[in-house]
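In: structure of the sequence below:
(one chain, ligands or ions: 2)
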Amino acid sequence: MKLQLLDHVAIAARTLDEGSAPYLALGLTPEGADEHMAAQGAWIRAFRVGDTLIELLAPDSEGGTIAKFLEKKGPGLHHTAYRVEDIDAAMQEMREAGAPLLNDVPQAGRAGSRVAFLHPKWGQGTLIELVEHGPVSAAAGAGQGQPDLRAGGIH
Ligand SMILES: CC[C@H](C(=O)O)C(=O)SCCNC(=O)CCNC(=O)[C@H](O)C(C)(C)COP(=O)(O)OP(=O)(O)OC[C@H]1O[C@@H](n2cnc3c(N)ncnc32)[C@H](O)[C@@H]1OP(=O)(O)O
Ligand SMILES: [Co+2]
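Out: Ligands and ions are numbered 1, 2, ... in the order given. The predicted structure follows:
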């Protein structure tokens, strides 16, 4: 598997506005609209830095994935995400390597991407995401690609 680039670094914050403050001060502007991803328990706002994004995550509810993370660790680094060309092939390689994939099939990600996660214990305390972008979301500035949703994940 060839990792194409560091796609995004995700930071958990109590609210998107609170989390945005340093990035706005650094001169970045949000890319596209905020996205609500209920399946991830998150509101998401992205800031582009060259080919990479800062992905801010804020909880959408008590007890969800992001809320739980904030309760345990407080605001800070949530995960790093690496872009791959073919998520299905990348997941198969990870399975064969015995890596602890958290998903059986690709999940819907931001901007129409397809993603899969690897357990943070395996990542030396860092949750790792693999992400495949379609032709729309791979382009810089794109933010509105539509995932192909099917039962149990996306394909
Ligand atoms: C996909 C949309 C978007 C995108 O890029 O397009 C996103 O990235 S959304 C991101 C949010 N989604 C996820 O994080 C999905 C993957 N995460 C999970 O499946 C869980 O959060 C999991 C398995 C990492 C942890 O869930 P669990 O129920 O086991 O929670 P615990 O609180 O019991 O955690 C166990 C253990 O892991 C530590 N932990 C949890 N999350 C993280 C993290 N992000 N980074 C580092 N460590 C993490 C937690 O502190 C516990 O450690 P312990 O020492 O055992 O207390
Ligand atoms: Co992510």
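
In: and for the nearest residue to H133 once chain neighbours are set aside, the neighbour number?
Out: Closest residue to H133 apart from its sequence neighbours, by Cβ to Cβ, 6 or more residues apart in numbering: S113 at 5.0 Å. (C-beta placed from N, C-alpha, C; glycine too.) Number of residues near S113 (other Cβ atoms under 10 Å) recorded here: 25.

In: tell me the pLDDT of S113.
Out: If you check S113, the pLDDT there is 97.

In: hmm, L130 and it touching each other?
Out: No. Using Cβ atoms under 8 Å, S113 makes no contact with L130, being 10.0 Å away.

In: what bits of this structure have low per-residue confidence?
Out: 136-155 (pLDDT under 70).

In: so which residue of it comes closest to ligand 1?
Out: G109 (3.0 Å; Cβ to the nearest ligand atom).

In: is the spatially closest residue to that residue that is not a sequence neighbour in a helix, a strand, or coil?
Out: Nearest in space to G109, with sequence neighbours left out and distances taken as Cβ to Cβ, 6+ apart, is V115 at 3.7 Å. Recorded secondary structure, V115: strand (DSSP: H, G, I helix; E, B strand; the rest coil).

In: how much space between V115 and G134?
Out: 12 Å (Cβ to Cβ, to the nearest Å).

In: can you check G19 too?
Out: When distance is defined by Cβ to Cβ, G19 is 27 Å away from G134.

In: between these two, which one's more packed in?
Out: Ranked by neighbour count (other Cβ under 10 Å), G19 and G134 place G19 first, with 20 against 16.

In: around ligand 1, pick out the residues from the protein.
Out: Contact residues (Cβ under 6 Å from any ligand atom) of the chain with ligand 1: 10, 37, 40, 42, 44, 55, 57, 65, 68-69, 72-73, 78-79, 81, 102, 107, 109-110, 113, 115, 117, 120, 125-127, 129.

In: of these, which are in range of ligand 2?
Out: Among the residues of the chain next to ligand 1, the ones lying near ligand 2 by Cβ under 5 Å from the ion are 10, 81, 129.

In: nothing else from me, thank you.
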